[in-house]
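> after the sequence you'll find the predicted model.
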Amino acid sequence: MPPVPPAMPGAAAPPAGTATSPSRPASAGGDPHAPSLQPGAAADGHDGNALPPGTLLGEFELTGVIGEGGFGIVYAATDHSLQRRVALKEYMPSSLAERTDGTQVRSLSEEDEATFRKGLDSFINEARLLAQFDHPSLVKVHRFWEANGTAYMVMPLYEGPTLREVLRKRSTAPDEAWLRALLEPLTEALAVIHAQQCYHRDIAPDNVLLLAGSNRPLLLDFGAARRVIGDKHQAFTVMLKPGYTPIEQYADMPDMAQGPWTDIYALGAVVHFAILGQKPAAAVSRLLKDQYVPLAQQVGGHYSAGFLDAIDRSLALKPADRPQDILAFRDALGFGPLPSEGGRVWVPSALPVDTTRRPGPQDALPAAPAAAPLPTPPRPSPRPAPAPADTDGGDAEPPPSRRAALLTGVGLAAVAVGAGGWWMASRQRGPAPAVASAPPAGPAASAGVPASRPVPAVAPPASVAAPAPAPAVPAGPFDVVAEFRRIVAGQTPGFSVEARPTRTQLRIDRDKLFVSINASRDGHFYVLSLAPDGQLIQFFPNLQTPSNQIVAGASLTLPSATKDPQTGRLPDDIVLTEPPGQAHLLVLVSRYPRDFSLLGEQRVSHWREFPTGAKAEAIARRQPPGAPSIYAGRPICPGGGCADEYGAALVDFAVVR
């Protein structure tokens, strides 16, 4: 965390008294389902480390749990002194601390005490920092204090979906006016914090809230406590988000210092995700081979050249090649001077509904927005994005990644890269736990090829020819799970495969995933994972553990507790990270080795990353009628012409906080 200015006078004064049980019934004023800094359904009961509804912390009465993560708990609460609903955040790192008597919190051991205290100090510093900033697109802290061995901060109860949720629901990419209206207040807010030498360093679509009613963007989660605690458990493992995290955040490199350009990269990646439905490749992958395709080439003509150039420059791999401060970035975007009071331009209200009309003059490319609130833009007719120019999928843009970690010792000791809600960490492990039964796979789905995500069909500048629309495709989203089920339905009769995870519900940042597999025939196994945020990774085989043979009737547990016979290395543990949701594992055992080159060679560290969405749809469209799923690969047969014999199993399980 950057240097923190001193606290405002009186800001840390504690409430008058703390009670562990209510002196009156719990207030009915709080809405347990109202989203806040960490949107989610509130819990009416007492669960885990969370305090029960009705608990009094000074004048604040807890009414429910909004969100519970590895480092803190956010409650809905009633402020009885001012008669208002608020959000109350408690420092509660579940990996380091426990609840004792009532509201008291203490570290789990003497070994954890120092890290617990550092995290507590950073939590308080974050509260002090936010309390001093005043901008409509920054979280406001009403007050904060220490008590009960921990600390608390009280904030407004913000309501609304995250930017990620809004974008996922759209059937077309937002137009330029919408994106400019999003960027204007966010860049103003960043200018405020950058002026104090503070950098967010965790900007992503799930860290931007669009407030209910106005759709004003609100920048969430400065995450100071996470950074400190992350340093204890192999630095950066809990805060880096491949695709949004620039290269300078992966390691402490003197020639790649962090600064305003760090947040500018992440903000550019957010726009990239908004336009294409996927974020750029992870910076560590680009460092090895930069295959970034400029937005100007991919969607030129749908947005102004200056706008796309500004975003492409913000995504330069080297920090020196990006705009060096927010003012330079705003200038590249064509924004005017910073206002004396922030927050003049908000995101257009209400996500438009689909229509069937053709675009008209009112859909023409908008001029730079004025300083007044923007109206809801008219809905252009969907138009497919240009099909990729590659023929083998090798240049396909990667699907969204979720976490990454670059572990440093003397040089680069190891790389542990999280993929789509997964965190793989190299370490010695004991024997795998016992195996439990998994739920059965769902029914097979049809193999229809879905439509890609369209970009706005706006009139291009006169000097740029509008690209021809892609051929029409059947309606419906590309469904990876449906493809998995199609693979299972198409398996060879009598070639049975069983896959059983140790748990059917895994807790984020806590539980390790193990899966036991066996097959009725000898073969080669392949394990594909689809995380809750849509990331698709081939867990096994990989460059670290390439051996993938299985003997008929023998049970094999993955990750294995033994070293790979080819590389002599232990496989990584698999621990799940944000976001929660439903995850899926496809286990395929093939008589012959299989070739997945059709899906490209995109890698995150030593794991292969497969395309989803529009990129996968484009690859599927090029296959002949009746071809098997692109995710099944193709058998590599000695001499060619062999039968495609395989068995497969699909396992679904829940990822929870």
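Good, I have the coordinates. What you see is a predicted model, and the numbers here were worked out from it, not measured in a lab.

> pull the CA atoms of the helix or strand where residue 153 lies into PDB?
Element membership for residue 153 (DSSP states H and E) is strand 150-156. The C-alpha trace of strand 150-156 is given here as PDB (Å, rounded to 0.1, in the frame of the first residue of the first chain):
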ATOM      1  CA  THR A 150     -10.200  -6.200  15.400                       C
ATOM      2  CA  ALA A 151     -11.400  -3.100  13.500                       C
ATOM      3  CA  TYR A 152     -14.500  -1.900  11.700                       C
ATOM      4  CA  MET A 153     -15.400   0.600   9.000                       C
ATOM      5  CA  VAL A 154     -18.900   1.900   8.200                       C
ATOM      6  CA  MET A 155     -19.900   2.900   4.700                       C
ATOM      7  CA  PRO A 156     -23.000   3.700   2.800                       C
END
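
> can you list the strands that that strand pairs with?
Taking DSSP bridges as the criterion, strand 150-156 pairs within the sheet with strand 84-91 (antiparallel), strand 143-147 (antiparallel).

> what residues of the longest one count as buried?
For strand 84-91, the buried set under the neighbour-count rule, 16 or more other Cβ atoms under 10 Å, comprises 85, 86, 87, 88, 89, 90, 91. In this view, the C-beta of every residue, glycine as well, is placed from N, C-alpha and C.

> just the shortest one next, same as before
Going by neighbour count (16+ other Cβ under 10 Å), the buried part of strand 143-147 is 143, 144, 145, 147.

> which one is the first one nearest to, not counting chain neighbours?
Right, residue 143. Once flanking residues are discounted, residue 143 sits nearest to residue 154: 5.2 Å by Cβ to Cβ, 6 or more residues apart in numbering.

> what pLDDT does that neighbour get?
Reported pLDDT at residue 154 in the predicted model: 95.

> contacts only, for it.
Residues in contact with residue 154 (Cβ atoms under 8 Å, 6 or more residues apart in numbering) are 60, 77, 79, 86, 87, 88, 89, 141, 142, 143, 144.

> looking at the residues you listed, which is nearest residue 595?
Distance ranking of the contacts of residue 154 against residue 595, using Cβ to Cβ, places residue 89 first at 49.9 Å.

> by contact count, what packs against the longest helix belonging to the chain?
Counting by DSSP state H, the longest helix found in the chain is helix 110-132. For helix 110-132, the elements it packs on are strand 84-91, strand 105-107, strand 143-147, strand 150-156, helix 224-232, judged by 3 or more Cβ pairs under 8 Å, 6 or more residues apart in numbering; DSSP states H and E.

> now these in CSV, with distance to residue 287?
Shown next, in CSV, are the helices and strands packed on helix 110-132 (distance: least, Cβ to Cβ, whole Å):
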stretch, distance to residue 287
strand 84-91, 35
strand 105-107, 38
strand 143-147, 39
strand 150-156, 37
helix 224-232, 21
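
> out of these, flag the one nearest residue 297.
That would be helix 224-232 among the helices and strands packed on helix 110-132, by Cβ to Cβ, at 35.9 Å.

> re earlier: so for the longest helix of the chain, mean pLDDT?
86.

> now the angle between strand 84-91 and it, please.
150 degrees (axes from the mean of the first three to the mean of the last three Cα atoms, to 10 degrees).

> how about helix 110-132: buried residues?
In helix 110-132, counting by 16+ other Cβ under 10 Å, buried: 112, 115-116, 118-132.

> also stretch 170-186?
Going by 16+ other Cβ under 10 Å, stretch 170-186 has these buried residues: 170, 172-186.

> what about those residues, which are in helices?
Cross-referencing the buried residues of stretch 170-186 against helices under DSSP H gives 176, 177, 178, 179, 180, 181, 182, 183, 184, 185, 186.

> how about low-confidence regions in the stretch 301-450 of the chain?
For the stretch 301-450 of the chain, applying pLDDT under 70 flags the ranges 340-450.

> try 50
Low-confidence segments of the stretch 301-450 of the chain (pLDDT under 50): 341-450.

> where do the helices sit along the stretch 251-400 of the chain?
260-276, 283-288, 295-298, 305-314, 326-333 (DSSP state H, counting those that start in this stretch).

> got these as CSV, with mean neighbour count and distance to residue 503 columns?
Shown next, in CSV, are the helices of the stretch 251-400 of the chain (neighbours: other Cβ atoms under 10 Å; distance: least, Cβ to Cβ, whole Å):
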stretch, mean neighbour count, distance to residue 503
helix 260-276, 25, 31
helix 283-288, 18, 30
helix 295-298, 18, 41
helix 305-314, 20, 41
helix 326-333, 20, 45
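
> same list (the ones you listed) but as CSV, adding distance to residue 488.
Listed next are the helices of the stretch 251-400 of the chain as CSV, based on distance: least, Cβ to Cβ, whole Å:
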stretch, distance to residue 488
helix 260-276, 30
helix 283-288, 31
helix 295-298, 34
helix 305-314, 41
helix 326-333, 48
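
> closest to residue 628 out of the ones you listed?
Short answer: helix 260-276, nearest of those by Cβ to Cβ, at 27.2 Å.

> got the strands paired with strand 150-156 as a markdown table, with mean pLDDT columns?
Formatted as a markdown table, the strands paired with strand 150-156 follow (pLDDT from 0 to 100):
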| stretch | mean pLDDT |
| --- | --- |
| strand 84-91 | 95 |
| strand 143-147 | 93 |
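
> buried residues, stretch 558-576. List them.
558, 559, 560, 564, 570, 571, 572, 573, 574, 575, 576.

> excluding residues flanking it in the chain, which one is nearest the fifth one?
Pointing back at residue 570 there. residue 563 (5.5 Å).

> next one: the second one
With Cβ to Cβ, 6+ apart as the criterion, residue 559 has its nearest non-adjacent residue at 3.8 Å, and that residue is residue 571.

> give me phi/psi at that neighbour?
Torsion angles at residue 571 (phi, psi; degrees, to the nearest 10) stand at phi -70, psi 160.
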